[in-house]
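Asker: structure for this input, please:
(chains A and B)
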Amino acid sequence: MVEQVRKLLDKKLKNTGELEKLRQAVLDKRDTSRITVSVCGGTGCRASGAEAVVEAFAEEIEKRELQVKIDFKETGCHGFCERGPIVVIGPKKIFYQHVQPEDVQEIINETVLQGKVVKRLLYIDPATSEEITYESDVPFYNKQTRLILGANGEIDPTDIEQYIAAGGYSALSKALFQLNPDKIVNEITSAGLRGRGGGGFPTGRKWQSCRTAKGDVKYVLCNADEGDPGAYQDRSILEGNPHSVIEGMIIGAYAIGASQGFIYVRNEYPLAVEHARIALEQAIDYGFLGENILDSGFNFKITINKGGGAFVCGESSALIASLEGKIGEPKSKYTHMSEKGLWERPSLLNNVKTWANVPLIINKGADWYSKIGTAGSKGTMIFSLVGKINNSGLVEVPMGITLREMIYDIGGGIPNGKKFKAVQTGGPSGGCIPEQFLDTHVDFDELTKIGSMMGSGGMIVMDEDTCMVDVARYFINFLKGESCGKCVPCREGLAKMSDILDRITHGEGKPEDLDTMMDLAEILSAGALCALGRTAANPVISTLKYFKDEYMAHINDKKCPAGVCRELIQYSIDPEKCTGCGVCARACSMNAISGEKKEPHVINQNMCIKCGVCYDSCKFGAITKQ
Amino acid sequence: MDTELDFDTIRTIIENNAGKIESLIDSYVDKKEQLISLLQDIQSEYNYIPQDVLIKISQKLDIPLSQVFSVVTFFQAFSLKPRGRHTITVCLGTACHVKGGQRLVDKMERDFGLKPGETTDDDRFTLETANCLGCCALGPVVVVDGKYESQVNPEKLGKVLKNYE
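Answerer: The predicted model follows:
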């Protein structure tokens, strides 16, 4: 009895034999005849009410004693966030979208117990208006290669045994006992993996220089300070499959000889922090972290550090300053981090996605990995396909796919019959890509050639209603706010650019402003201290290059063609279409709209503040924007 | 923390909890480099970082007050002012921006006279903006006291806020 209790408490796996035994035991325990019900518990689906759906399922299953029939779990992010809450019923993976607690009874009665499909919860393809039953038939999914994200929808991220059952920690065991540090670095190098955080630096080369760097103490760091607005794949991986990142970090630490690791994660991602914390505790309990890991003699531990909400801390030297308890100001890089990083010691910093690729490469081999992708960019890349797009969410595709395939085949095109204008990639350091480049094959090098960059994989689609001058102003204002203020070109240059763009969007721009901005852009890229400043002008450069006519319309005609810049537009009511219902008049907080019941209404332009609430509220399309 | 309390009461609680804060700071004495974590602990306990606590941290951890102050003011996560009963965070990430996130900030200014970082006179709301909350497929996104609201327009925001007194 005492022995049994001790065994229950002590889950520590002492060697690879015990790991394999546990994996088999978890698999054997599984009753494959049970129907699986997976509810997505990512932040996106939670925002749409997934927690209540999880509760409703749990209650119903308990009440009706269906535990023997249903294998129920709350998983990580499935990626199709816009359709949440998502419920997938296995084994055939029937895909239900926008599920609410009141649908749960019906799903259990019809689908789980009788195998019938609840039609009203199915996804309807906007292109063909067809109902789609199975996840694998949904165009959003079936054109993807989900090597990294695939497990998100299969495992409960708070249960390490599910990760182990799915083959988890086998790469670690292979690295520790079948490979040696040199061989591991070689595998990563020959796989052709490049840093997924934005720069695209060859990961193997980074590992090699850190491995050969002199120093008794070395560190392994995970950059989860996903600051690019419009990108959230790191959050999704840390939330949905934190062990894949941890396993990658342990392998990296073993390869370079580090004994301590840090995960630097954004404060704005509470669920990712929580899941990473749970995963670390479980990894310690099961003996994957700590002393003498799986009896290999290797010791390693990981600490989580929460960021303070500063975009610049995604930059390596600023991230390190922040880890050291200082303000996140970047430094000039006379020496590489791999030689002098955290506390002046050799440090290996990789992005969440880069770490998550490591177990995959170790398990399947560099040969297999390097067959995926293009000549210069190997493997898959995860994009967050968002903005003005029908199928919005996280998309994992092999490097080399065209923008057109991404936007039209996977993304299902632009909603409401609007016209595509641009796709913004690479975060604030990236650029806006116009329609003429839609057939570009997406990889690190091709995106740079057309004036944008990969960044951390944000892909924000913009339609005819998006003003490109406003987009440039948005990014410049963003960077102005996030500039640490240490170097003059960045601090002053961005402030000046922001002033100019403000003036242009207010209709007070002058043609020579455009030249001034290009001058400032040159100064920034030549003189700023860190990558934030050096790339900060990219949004202006790319919009000026491809959308100069929009700038000219603002400057010369005092018009915003997209109808966004408030000072340059006017709302009015079309008397032909107005039914006099009065909804807009009630919605207007300025009382600027008047009219008799059932008679066309009018907007008093002197009182109108152009908030656009009336435009949203009108069901008859009677309000126009010019 | 009980969200129904006014600032004077919070102040009294902090004074009465001086021992607790002291022991929290004490637990970091030999971990100077974890200043940011300590500040996060204090912030999550009290919703802001009072001035006398800054001084205490400086003395106990032997870090110049100027450095503690610079860290607190550098990072967005910290506030030197008490916050209202409810914190409204409007996401202004790129995806939320192109879908009209700024209009929600404008609405808060219209309806409550609030600019980002400010608190209403009746302590009901504090308005904050975020660079990106990572719910880009659901924009515009607003978080009220930790609860995410998706696809928010000015009208929906008004309705949501009625639930928070």
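
Asker: nearest to chain A: which residue in chain B?
Answerer: Across chain B, no residue is closer to chain A than residue B:75, which sits at 2.7 Å (CB to the nearest CB). The C-beta positions use only the backbone N, C-alpha and C, and glycine is treated the same way.

Asker: any idea how far the residue nearest to that residue when sequence neighbours are not counted lies from residue B:45?
Answerer: Excluding the flanking residues, the one nearest residue B:75 by CB to CB, 6 or more residues apart in numbering or on different chains is residue A:308, at 2.7 Å. The gap separating residue A:308 from residue B:45 is 16 Å, by CB to CB, to the nearest Å.

Asker: of these two, who's got more company?
Answerer: residue A:308 (24 against 16; other CB atoms under 10 Å in any protein chain shown).

Asker: shouldn't the more buried one be in contact with residue B:78?
Answerer: Yes. Proximity of residue A:308 to residue B:78 meets the contact threshold set by CB atoms under 8 Å, at 6.7 Å.

Asker: kindly report the domain assignment for the chain.
Answerer: Using chain A here. Domain ranges of chain A: A:32-142, A:167-370, A:380-463, A:468-555, A:570-625, per automatic domain parsing.

Asker: think we crossed wires, I meant chain B
Answerer: Following automatic domain parsing, chain B resolves into domains at B:7-74, B:86-161.

Asker: rewinding a little: common neighbours of residue A:308 and residue B:78, please.
Answerer: Any residue near both residue A:308 and residue B:78 by CB atoms under 8 Å, 6 or more residues apart in numbering or on different chains counts here, and that gives B:39, B:71.

Asker: where along chain B do the strands fall?
Answerer: For chain B, the strands defined by DSSP state E occupy B:86-91, B:125-130, B:142-144, B:147-149.

Asker: next, format these as CSV and append distance to residue A:463 and mean pLDDT.
Answerer: Output for these, formatted as CSV (distance: least, CB to CB, whole Å; pLDDT from 0 to 100):
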stretch, distance to residue A:463, mean pLDDT
strand B:86-91, 20, 94
strand B:125-130, 24, 93
strand B:142-144, 23, 95
strand B:147-149, 24, 91
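
Asker: mind putting those strands in CSV, distance to residue A:425 and mean neighbour count included?
Answerer: Converted to CSV, the strands of chain B look like this (distance: least, CB to CB, whole Å; neighbours: other CB atoms under 10 Å in any protein chain shown):
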stretch, distance to residue A:425, mean neighbour count
strand B:86-91, 19, 23
strand B:125-130, 21, 22
strand B:142-144, 26, 22
strand B:147-149, 25, 17
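
Asker: with distance to chain A added, can I get those in a markdown table?
Answerer: Converted to a markdown table, these look like this (distance: least, CB to the nearest CB, whole Å):
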| stretch | distance to chain A |
| --- | --- |
| strand B:86-91 | 8 |
| strand B:125-130 | 6 |
| strand B:142-144 | 9 |
| strand B:147-149 | 3 |
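
Asker: distance to residue A:135 added to those strands, as a markdown table?
Answerer: As requested, those are exported to a markdown table (distance: least, CB to CB, whole Å):
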| stretch | distance to residue A:135 |
| --- | --- |
| strand B:86-91 | 28 |
| strand B:125-130 | 31 |
| strand B:142-144 | 29 |
| strand B:147-149 | 24 |
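
Asker: I'd like to know which of those strands lies nearest to residue A:201.
Answerer: strand B:125-130 (28.7 Å; CB to CB).

Asker: now the angle from that closest one to strand B:86-91?
Answerer: 20 degrees (axes from the mean of the first three to the mean of the last three CA atoms, to 10 degrees).

Asker: secondary structure element for residue A:54, which one?
Answerer: Residue A:54 belongs to helix A:50-63 when elements are defined using DSSP states H and E.

Asker: what's the first helix or strand after that helix?
Answerer: Next in sequence after helix A:50-63, counting helices and strands by DSSP H and E, comes strand A:70-75.

Asker: what about stretch A:111-129 and chain B, touching?
Answerer: No. Contact between stretch A:111-129 and chain B is absent, the nearest approach being 14.4 Å (criterion: CB under 8 Å from any CB of the partner chain).

Asker: which of the residues in that stretch are buried?
Answerer: By 16 or more other CB atoms under 10 Å in any protein chain shown, the buried positions in stretch A:111-129 come out as A:111-112, A:117-118, A:121-123, A:125.

Asker: ok so, going back, mind giving me the packing neighbours of the helix holding residue A:54?
Answerer: In terms of contacts (3 or more CB pairs under 8 Å, 6 or more residues apart in numbering or on different chains; DSSP states H and E), helix A:50-63 is packed against strand A:35-40, strand A:70-75, helix A:104-106.

Asker: which residues in chain B form helices?
Answerer: Using DSSP state H, the helices assigned to chain B run over residues B:7-16, B:18-26, B:35-46, B:51-61, B:65-74, B:94-98, B:101-112, B:154-161.

Asker: OK, contacts around residue 74?
Answerer: Answering for chain A, as no chain was given. Residue A:74 touches A:38-41, A:50, A:54, A:156, counting by CB under 8 Å, 6+ apart.

Asker: not what I meant, chain B
Answerer: If you count contacts by CB under 8 Å, 6+ apart, residue B:74 has them with A:308, A:310, A:327-328, A:484.

Asker: and for stretch A:483-501, what's in contact with it?
Answerer: Residues outside stretch A:483-501 that contact it (CB under 8 Å, 6+ apart): A:310, A:312, A:318, A:327-330, A:469, A:472-473, A:476-477, A:479-480, A:509, A:513, A:516-517, A:520-521, A:523-524, A:526-530, A:532-533, A:536-537, A:540, B:74.

Asker: so which of the helices of chain B is the most packed in?
Answerer: Ranked by mean neighbour count under mean count of other CB atoms under 10 Å in any protein chain shown, the helices of chain B are led by helix B:94-98, which reaches a mean of 29.

Asker: touching chain A at all, it?
Answerer: Yes. Contact of helix B:94-98 with chain A (CB under 8 Å from any CB) involves B:94-95, B:97-98.

Asker: mind putting these into CSV with distance to residue A:573 and pLDDT?
Answerer: Converted to CSV, the residues of helix B:94-98 next to chain A look like this (distance: CB to CB, whole Å; pLDDT from 0 to 100):
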residue, distance to residue A:573, pLDDT
B:94, 32, 88
B:95, 31, 88
B:97, 27, 89
B:98, 26, 86
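
Asker: quick check, nearest of the residues you listed to residue B:115?
Answerer: Using CB to CB, residue B:97 comes nearest to residue B:115 of the residues of helix B:94-98 next to chain A, at 17.4 Å.

Asker: residue A:132: which of the helices of chain B is closest?
Answerer: Nearest of the helices of chain B to residue A:132, taken as CB to CB: helix B:94-98 at 24.8 Å.

Asker: gap between stretch A:37-57 and the chain center?
Answerer: 19 Å (CA atoms, centre = their mean, to the nearest Å).

Asker: ignore what I typed, I meant stretch A:303-317.
Answerer: For stretch A:303-317, the separation from the chain centroid amounts to 16 Å (computed by CA atoms, centre = their mean).

Asker: just the endpoints, please. Distance across it?
Answerer: By CA to CA, to the nearest Å, the extent of stretch A:303-317 from end to end equals 19 Å.

Asker: which residues in the stretch 351-500 of chain A form helices?
Answerer: Taking DSSP state H, counting those that start in this stretch, the helices of the stretch 351-500 of chain A run over residues A:352-364, A:366-370, A:403-404, A:444-449, A:468-482, A:488-505.

Asker: can you list those helices in CSV and add mean pLDDT and distance to residue B:21?
Answerer: Below are the helices of the stretch 351-500 of chain A laid out as CSV (pLDDT from 0 to 100; distance: least, CB to CB, whole Å):
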stretch, mean pLDDT, distance to residue B:21
helix A:352-364, 97, 34
helix A:366-370, 97, 51
helix A:403-404, 96, 53
helix A:444-449, 93, 49
helix A:468-482, 94, 31
helix A:488-505, 96, 35
